[in-house]
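1. below is the sequence, then the predicted model.
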Amino acid sequence: MTPALSAQPMKDSGIEWVGQVPSHWEVRPFYSFASEVDHSNTGLKERNLLSLSYGRLVRKDMDRLEGLTPASFEGYNIIEADDIVFRLTDLQNDQTSLRSARSSERGIITSAYVTVRPQASPRFFEYLMRSYDTTKVFYGIGGGIRQSMKFADLKRLPVVVPPPTEMDEIASHLDRATTRIDALVAKKTRFIELLREKRQALITHAVTKGLDRGVPMKDSGVEWLGEVPVTWTPTKVCFLAQKIGSGKTPSGGAKVYADVGIPFLRSQNIYDDGIRLDDVAYITSDIHGEMGISQVRPWDVLLNITGGSIGRAALVPGTFGEANVNQHVCIVRVANPTLARWVHMCFRAQSTKEQIDALQSGANREGLNFEQVGNLRLALPPNQQIERTLEYLDKRIEQIDTLITKTECSIELLREHRTALITAAVTGKIDLRPSA
């Protein structure tokens, strides 16, 4: 049942972001509701190492942590189940939320974090602090100047305090509601994963087997391609490319990046579904002119050749305009737009991803060189089949991408609803009393 908006008498909380609260609730300083936990792990009494990650506490294996000796853990803080841990460090540079979590077990955690022990209803206090977190309350403490905070900075923070029975009722309601929302988010997230798998399988089949069922097939002689239609020709990228090369970092590195100018594309801008400019760097026209060899042209295929995004490839649209690339991005330039679109689609296929993975196995993990890029194998149909296959893939991919976008939007709405529900419940905007 959906809880009703609160019809009980309200009063001003005196807290700007909270506004009004039920008149029988209290507003008290943080220290009157929770005390600091300061219990050093002297003598290594406790070895259950915990770490705060995305709003929850997870176990770590202290014997496998690089750079830490067992003696290092003597300065860690021993915490108990239901203690609340805050990560209040690097506030200026890290504006992420989910800076707090309630522990479900005894363990140790770095003393760089602040740990407190609520005097009543740890579950309610966890939700309350999550609301403080998502509304960015912590960033405003101390005038927004401090890079980190300690318990002394929190102790006079005003908190809203309902009667104990209401705290438990609010926490129980939120447990049920957030569990339902989280389950739905997980289901939708899995649906997106399946759609992405379907999209890649669709591409892989189309660029290695074609669209026509029952056509005669032949062995391609290439492990990654398997059988291909008899009219198709197994080939290498180097036989199709007019250019295979990458750019470089301008002299001076990031210091010469400009606020506006020519887009300077790096691996974080290159994705299989297109070029993303939300984190793009810029260079001046003069620097762009000095780097003529790595200037990007319309219909170039850009392939990431180093790092964790190795193998991601984007097609430069015909209307993209001027751009340049750094040394982590390879330019594959082919004869015409249709062939460029085919090469890009082949780069998106699982058959090419597996070739790149194989090249990165063992000791050879530094990245792809130009010779390896040129030796990537793909199958080339007759010209008329290329056009028909690309048209089919464009239509089907658009349908899948639209469904992915709609599902991602629905997940975002669910998460926003979850956040709003928590804030409304812990500030008394909805009445969760049993008699309400």
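-> Done, it's in. Residues are numbered from 1 along each chain as shown.

2. only C-alpha atoms from now on, for both contacts and neighbour counts.
-> Noted.

3. now find how far off-centre stretch 421-436 is within its chain.
-> Remark: stretch 421-436 is offset 32 Å from the chain centroid, using CA atoms, centre = their mean, to the nearest Å.

4. contacts only, for residue 425.
-> Applying CA atoms under 8 Å, 6 or more residues apart in numbering to residue 425 gives the contacts 170, 174, 431-432.

5. shouldn't it be within a strand?
-> No: according to DSSP: H, G, I helix; E, B strand; the rest coil, the state of residue 425 is helix, so it is not within a strand.

6. retrieve the pLDDT associated with residue 65.
-> With respect to pLDDT, residue 65 has a value of 69.

7. before we move on, what about the one 4 residues further on?
-> On pLDDT, residue 69 comes in at 65.

8. dihedrals phi and psi, residue 158?
-> Dihedral pair for residue 158: phi -70, psi 140, per degrees, to the nearest 10.

9. skip the chain neighbours and tell me the closest residue to it.
-> residue 29 (4.5 Å; CA to CA, 6 or more residues apart in numbering).

10. where does that neighbour fall, phi/psi-wise?
-> Per-residue torsions, residue 29: phi -70, psi 150 (degrees, to the nearest 10).

11. what's the answer for the one 4 residues further on, then?
-> With angles defined as degrees, to the nearest 10, residue 33 sits at phi -110, psi -20.

12. where does the protein have low pLDDT?
-> Judged against pLDDT under 70, the low-scoring parts of the chain cover residues 1-7, 65-71, 90-98, 140-147, 361-365, 433-436.

13. give me the residue at the spatial middle of it.
-> Note on the chain: the residue nearest the mean C-alpha position is residue 54, at 11.1 Å, using CA atoms, centre = their mean.

14. which residues sit in contact with residue 119?
-> Neighbouring residues of residue 119 by CA under 8 Å, 6+ apart: 33-35.

15. if I look at residue 63, how far off is residue 305?
-> Plainly put, residue 63 is 34 Å away from residue 305 if you go by CA to CA, to the nearest Å.

16. neighbour count: those two, which is higher?
-> Taking neighbours as other CA atoms under 10 Å, residue 63 and residue 305 compare with residue 305 leading, 25 against 11.

17. still on that earlier bit, wait, doesn't the residue nearest to residue 158 sit right on residue 159?
-> Yes: Residue 29 is within contact range of residue 159, at 6.0 Å (criterion: CA atoms under 8 Å).

18. which one's more surrounded, those two?
-> Taking neighbours as other CA under 10 Å, residue 29 and residue 159 compare with residue 159 leading, 22 against 16.

19. in three-state terms, label that one for me.
-> Residue 159 ends up strand, using three-state DSSP.

20. which parts of stretch 273-280 are buried?
-> 275, 280 (16 or more other CA atoms under 10 Å).

21. pull up the gap between the closest residue to residue 321 other than its chain neighbours and residue 319, please.
-> Nearest non-adjacent residue to residue 321, counting by CA to CA, 6+ apart: residue 298, 7.3 Å away. Distance of residue 298 to residue 319, computed by CA to CA: 7 Å.

22. comparing those two, which shows the higher neighbour count?
-> Neighbour totals were compared for residue 298 and residue 319, and residue 298 leads with 18 against 9 (other CA under 10 Å).

23. so residue 111 touches residue 76, yeah?
-> Yes: using CA under 8 Å, residue 111 makes contact with residue 76 at a distance of 5.2 Å.

24. looking at those two, which is more packed in?
-> For the pair residue 111 and residue 76, the greater number of neighbours falls to residue 76 (23 against 16), based on other CA under 10 Å.

25. for that one, which non-adjacent residue is closest in space?
-> residue 110 (4.8 Å).

26. contacting residues for the one you found?
-> With CA under 8 Å, 6+ apart, residue 110 has these contacts: 51, 75-77.

27. helices of the stretch 51-200 of the chain, residue ranges please.
-> Listed in chain order, the helices of the stretch 51-200 of the chain (DSSP state H, counting those that start in this stretch) span 122-134, 137-140, 151-154, 164-209.

28. which residue, other than its chain neighbours, is closest to residue 161?
-> Ranked by CA to CA, 6+ apart and with sequence neighbours excluded, the top spatial neighbour of residue 161 is residue 26, at 5.0 Å.

29. and that neighbour, how many neighbours?
-> Using other CA under 10 Å, residue 26 is surrounded by 15 other residues.
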